[in-house]
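Trainee: from the sequence below, what's the structure:
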Amino acid sequence: MALLPQQQLVLELLRMSGEIAVLESAEGTILWRTLQECRQAHWILQKEVSPGVFSVSLTTTGRRALETSGRPAN
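Mentor: So this is what the prediction gives:
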């Protein structure tokens, strides 16, 4: 599955930083929708760490998606 540009950007950010925090107030934004897409694909883990604050981290599946996204399709 090819990554969309915004998905690639979020996954690269997570790969470089390890973990980010996202506020629930960002819901409805491109970032929040992209996070939902990535979570549905099992590329990220998202958990609420305090009311309205979510921790987001990259999964092994997400790392693999990044590794294969740079390769040309056969």
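
Trainee: just for this protein, where's the confidence low?
Mentor: 1, 71-74 (pLDDT under 70).

Trainee: could you pull out the strands for the protein?
Mentor: 19-23, 44-50, 53-58 (DSSP state E).

Trainee: so which of those gets nearest Gly70?
Mentor: With Cβ to Cβ, the closest approach to Gly70 among the strands of the chain belongs to strand 53-58: 15.7 Å. C-beta here means a position set from N, CA and C on the backbone, and glycine is covered the same way.

Trainee: can you pull the buried residues of the closest one?
Mentor: 54, 56, 58 (16 or more other Cβ atoms under 10 Å).

Trainee: for the residues you listed, give me JSON lines that also has distance to Cys38.
Mentor: As requested, the buried residues of strand 53-58 are exported to JSON lines (distance: Cβ to Cβ, whole Å):
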{"residue": "Phe54", "distance to Cys38": "13"}
{"residue": "Val56", "distance to Cys38": "9"}
{"residue": "Leu58", "distance to Cys38": "9"}
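
Trainee: now Thr60: how far from Ser17?
Mentor: For Thr60, the distance to Ser17 (Cβ to Cβ, to the nearest Å) stands at 17 Å.
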